[in-house]
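>>> Need coordinates for the below:
(chains A, B, C and D)
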2 protein chains.
Amino acid sequence: MSVNRKQDILNAATKSFSLFGYKATTMDQVAKLANVGKGTIYTFFSNKEQLFNEIIMDLIKQMEERASAVIDDANSFEENVHHALFEMLGFRKEHQLMIKLFQEQRDIGTPIVNEVLDKVEDHILSFIKNKIATAIQRGEMKECDPEKFAYIILVTYIAFVFDWEKKREPLSENEIADIFKTYIFNGLSIK
Amino acid sequence: MSVNRKQDILNAATKSFSLFGYKATTMDQVAKLANVGKGTIYTFFSNKEQLFNEIIMDLIKQMEERASAVIDDANSFEENVHHALFEMLGFRKEHQLMIKLFQEQRDIGTPIVNEVLDKVEDHILSFIKNKIATAIQRGEMKECDPEKFAYIILVTYIAFVFDWEKKREPLSENEIADIFKTYIFNGLSIK
DNA sequence: CAGTTGACCGGAATAGTATTTTAGTCAAAG
DNA sequence: CTTTGACTAAAATACTATTCCGGTCAACTG
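Model prediction:
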């Protein structure tokens, strides 16, 4: 018997959620994958939803770590935002669990999945908001409402990274960076 | 018997689509509302989808007329875009048929409705694109890619008019105009 | 006896089937 | 000729039977 059954369960559940989504993952499945009895899961997690939430919290933490890792105080605010956002959106685009959850949201609309993806978006938004507020304080950009500006940035990034290419030629990372430089940051940065 | 049965049918169908949506509107229903036999509908329209399309084409025409009506060459490009977009989005928000179709897209996802709403969006996009191209030619704004810029404008407007208020305080028309002035047009207009 | 387990329960989802509805046709009526 | 509504086949819906699954807990184990 493993020494860290809680982690085994988390790993098994993550794998199963990534492979089959939230709805199609059964607790029996997770128990089998984790080599524990089903009852054991309920000694660590009060129910399926809480198990899921714990995994998502960790995922958010990972995203923020990756985004932070890519931010360099030597760079301009604009460059940092771009790198961080690309890191986060790339994460969303590559990470198996995220992909599966987006599918599930589109195809089934499982309420718990909707909730969780909302939470992820909130975290990204407040991450950007903080960066903006800091940049203003440091005098790197003009005064503005960080919440609204963060919203514009996120909405536009999502549009270009995910929606644009549904009906048009996909854009490279550099093209998207250019779009932001030209249309969004252009009037707001202080040179 | 009415002299213009085709128009009667169009009116009846518009009413029914507005009230019940595309899927829940039956051809029997339309026939009854229009006071014609069901067969008569098929002498003017080859099928339900074509009848629907004809109504939508007219709707698009109406939208463009309203948008054009509100554009004044004496005003700045920015003001004109704002007024036109607000007119169009207001139209979408108020027009009974549009409201019903958005509902149907959300709740059922009827493919024909998706198609049609896509077409509406395309028309709005190319409307904005044209305005941008003209503004550039006239030297009212800096050189830029009209397609991408139109996309940014539409995406951001939709986000602030429809999505922002799902989780936040709704914004007034003036606040939204200000947001665009501050964050989007700021760097692009030529004063 | 603390920690673990899987058989078991009830409600929820799904599959299978019967019934109804509806887009489109066409022979008859006007 | 144009108009019509009864008709048809296919699709949608309602209904029922069956399976599935989250969560529990009495029994088991070391």
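>>> Name the residues of the host helix or strand of A:I112 that come out as buried.
Per DSSP states H and E, A:I112 falls inside helix A:111-137. For helix A:111-137, burial by neighbour count (16 or more other C-beta atoms under 10 Å in any protein chain shown) applies to A:113, A:116-117, A:120, A:123-125, A:127-129, A:131-132, A:135-136. The way it works is simple: take the backbone N, C-alpha and C, and place the C-beta from them, glycine included.
>>> So which other helices or strands are in contact with that helix?
Applying 3 or more C-beta pairs under 8 Å, 6 or more residues apart in numbering or on different chains; DSSP states H and E, we find helix A:111-137 packed against helix A:48-69, helix A:77-94, helix A:96-107, helix A:146-158.
>>> Give me the mean pLDDT for the following helix or strand past the last one.
Same thing as helix A:146-158. Later in the chain than helix A:146-158, the nearest helix or strand by DSSP H and E is helix A:164-167. Mean pLDDT, helix A:164-167: 94.
>>> can you list the residues of chain A near DNA strand D?
The interface of chain A toward DNA strand D, taken as C-beta under 7 Å from any atom of the strand, is made up of A:24-28, A:38-39, A:42, A:47-49.
>>> before we move on, the earlier item: out of the helices and strands packed on helix A:111-137, which one sits most buried?
Across the helices and strands packed on helix A:111-137, the average number of neighbours (mean count of other C-beta atoms under 10 Å in any protein chain shown) peaks for helix A:146-158, which reaches a mean of 21.
>>> Mind exporting the C-alpha coordinates of that one to CSV?
Provided in CSV are the C-alpha atoms of helix A:146-158 (Å, rounded to 0.1, in the frame of the first residue of the first chain):
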residue,chain,number,x,y,z
PRO,A,146,-7.0,48.4,-14.2
GLU,A,147,-10.2,46.3,-14.1
LYS,A,148,-11.5,47.5,-17.4
PHE,A,149,-8.2,47.4,-19.1
ALA,A,150,-7.5,43.9,-17.9
TYR,A,151,-10.8,42.9,-19.2
ILE,A,152,-10.1,44.4,-22.7
ILE,A,153,-6.7,42.7,-22.8
LEU,A,154,-8.0,39.3,-21.9
VAL,A,155,-11.1,39.4,-24.1
THR,A,156,-9.0,40.5,-27.1
TYR,A,157,-6.3,37.9,-26.5
ILE,A,158,-8.9,35.1,-26.3
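>>> excluding its backbone neighbours, what's nearest A:H82?
A:A177 (5.1 Å; C-beta to C-beta, 6 or more residues apart in numbering or on different chains).
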